[in-house]
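# 3D, please:
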Amino acid sequence: MKFVSTRNSKNSADFEKAVLDCLPSDGGLYVPEITADLRRWILYADSNTSFANIAGTLTSACINDEFSPIICETIASKAFTFTPEVKKLDERFYSLKLYNTPTGSHKDFGISFLVNCVETIHALNGGFSTFLDATVGELGASLAQFLRGKKHVKAVLVYPKGRVRGLEEGDFVWNGGNILPVEVDGTEADCHKIVREIFDDRQLVEKFHLTVANTANIGRLMPQLFFYPYAFTRLKKEVYSDIYYAMPCGNYSNLVAGLYSWRLSLPVNGFICPTTASLALDPAGLCSVPDDMVPFEKRSRSDPASPSNLERLEDIFSRNSLMLKNFVYPADVSDFEADEACRELFMKYSIFADKNTSGAYAAIKKRRDFLEEDDSTVVLIERDDPSLSAEYVRHTTGIAPQMGKNVEKALSEVKLNQKTVKETTEIVDLMKQFCCFDSENN
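Reported below is the predicted structural model:
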């Protein structure tokens, strides 16, 4: 499988390049050039097939021209020591829980897979990579989990002052670890600005072999595709109707991954989500993307610091306009309706739900029209541990969910006892000091 830019289909890359040098030169985002039918790859998978096995099989199917099946299986088995959970809640209603992970975040799936892909590529071919990301803690805590013990990957994490979370002393590069955490005397927006400025300097990108660990990197997005066939293997012996997935939009990564899953002919029938400013309902009640009136080439470059997968979503729809109308079913959801949905999930199913999950459930309730016509089944995606939104849940239901020790650890404040910075040049100097791999970066 090749990967092409959203802004020029002739600008193509193999998987290795799309992951290691993840931002196309034309300012777009890499997307898979999908021509395959992967149904046969999971034909015999069932409820006994592990998530890691499904991930390894589908990874091999997608990039078998670059890596052997054994290598793909090894990447997946190392990446996925944790698994999603499918649970039946009611007739034709299930949940897909994505937060049984080291930090309680669905992001752990993508970050673990990406880190293990990059480490494997360099173990086979030599070289190194450096993740450069702005974060307020969650992404950094996840990266710390999966970078430990890696020999070919480091990360430079740019935080607003006082927002470092979930790291251990042994993670710091000055203690022999793989992470250079830098506190900026400024806001989260200032951190994003610094990351953009560094990526705008092609010499720095090449010198430090920079890439990102957020979903601008297709290697971070790709494992989210595996959620849907995994859920299907758990449902296929008891569900004989169409299956729809309900989710919050976020930065559209799960929605995009789900649509890629459909394009690979994997069993997906459609998606339900709350509307956003960029994913709306037209006067006929069908899905529309207002931004698609502006051609890609007239937009600013994709943001390496704070990505949105909306451009990938628009790219999918531009290739198959019928998907916009027949696979994505948004619903206008108010704050009041989300809160009511939160209470109903708790009272009816004993589920603590954050505002995002509550909004997705409210969207299900508002799209009952077509779901009930065909006796369709709906799977509600629960992305993150509700204890991460304990105040919202307590305010809405009257009870706060208990926080697990893993989440407590991911949220624990870290004192760096290092000088804060203000300028991009100061971070570059720190990278020169701490982010060298042997003699390659001198």
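
# what's across from the nearest residue to L411 once chain neighbours are set aside in the sheet?
Leaving aside its sequence neighbours, L411 sits nearest to R165 (Cβ to Cβ, 6 or more residues apart in numbering; 5.6 Å). Any C-beta I mention is one placed from the backbone N, CA and C, and that applies to glycine too. The partner list for R165 in beta bridges (DSSP bridges) reads E413.

# my read is that R165 contacts L143, right?
No. R165 lies out of contact with L143 (Cβ atoms under 8 Å); the separation is 11.5 Å.

# tell me which of the two has more neighbours.
More neighbours surround L143 than the other of R165 and L143, with 30 against 22 (other Cβ atoms under 10 Å).

# isn't that one up against A155?
Yes. If you go by Cβ under 8 Å, L143 and A155 touch, sitting 5.2 Å apart.

# mind listing what S105 touches?
Y99, E138, S142, R383, D384, D385, L388, A410 (Cβ atoms under 8 Å, 6 or more residues apart in numbering).

# just flag the most distant two among the residues you listed.
Farthest-apart pair in the contacts of S105 is R383 and A410; separation 14.8 Å (Cβ to Cβ).

# looking at these two, which is more packed in?
Higher neighbour count among R383 and A410: A410, with 27 against 20, using other Cβ under 10 Å.

# which stretches of the stretch 301-442 of the chain have low pLDDT?
For the stretch 301-442 of the chain, the stretches flagged by pLDDT under 70 are 436-442.

# the helices in it, which residues?
310-319, 321-326, 335-349, 355-366, 368-373, 390-397, 405-411, 424-434 (DSSP state H, counting those that start in this stretch).

# same for the second one, what does it pack against?
Read it as helix 321-326. In terms of contacts (3 or more Cβ pairs under 8 Å, 6 or more residues apart in numbering; DSSP states H and E), helix 321-326 is packed against strand 287-288, helix 310-319.

# now those in JSON lines, with distance to N178?
Below are those laid out as JSON lines (distance: least, Cβ to Cβ, whole Å):
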{"stretch": "strand 287-288", "distance to N178": "42"}
{"stretch": "helix 310-319", "distance to N178": "29"}
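
# nearest to L124 among these would be which one?
Comparing the helices and strands packed on helix 321-326 against L124 with Cβ to Cβ, the closest turns out to be helix 310-319 (28.0 Å).

# show the pLDDT at S129.
Looking at S129, its pLDDT stands at 97.

# before we move on, back to that, any chance of the helices and strands packed on helix 321-326 in a markdown table, with mean neighbour count too?
Formatted as a markdown table, those follow (neighbours: other Cβ atoms under 10 Å):
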| stretch | mean neighbour count |
| --- | --- |
| strand 287-288 | 20 |
| helix 310-319 | 20 |
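
# and Y44, which of those is closest to it?
Among the helices and strands packed on helix 321-326, helix 310-319 comes nearest to Y44, with 28.6 Å by Cβ to Cβ.

# check the offset of that closest one from the chain's centre.
Its chain's average C-alpha position is 17 Å from that of helix 310-319, according to Cα atoms, centre = their mean, to the nearest Å.

# deepest in the core, which of the helices of the stretch 301-442 of the chain is it.
Mean neighbour count (mean count of other Cβ atoms under 10 Å) peaks for helix 355-366 among these, with a mean of 24.

# what comes into contact with it?
Applying Cβ under 8 Å, 6+ apart, the external contacts of helix 355-366 come out as 246-248, 250, 272-274, 329-333, 337-342, 344-345, 353, 371, 378, 380-384, 386, 389, 392, 396.

# again, but for stretch 403-416
101-105, 137-138, 141-142, 162, 164-167, 172, 181, 183, 385, 387-388, 390.

# show me the residues you listed that map onto strands.
Here DSSP state E is the test, and those give P181, E183 as lying in strands.

# now list the buried members of the contacts of stretch 403-416.
Neighbour counting with 16 or more other Cβ atoms under 10 Å marks 101-105, 137-138, 141-142, 164-167, 172, 181, 183, 385, 387-388, 390 as buried within those.

# nearest to I54, out of the helices and strands packed on helix 321-326?
So among the helices and strands packed on helix 321-326, helix 310-319 is nearest, using Cβ to Cβ, at 22.4 Å.

# helices and strands around the closest one, which ones?
Using 3+ Cβ pairs under 8 Å, 6+ apart, helix 310-319 sits against strand 30-32, helix 253-263, helix 321-326.

# understood, closing this out.
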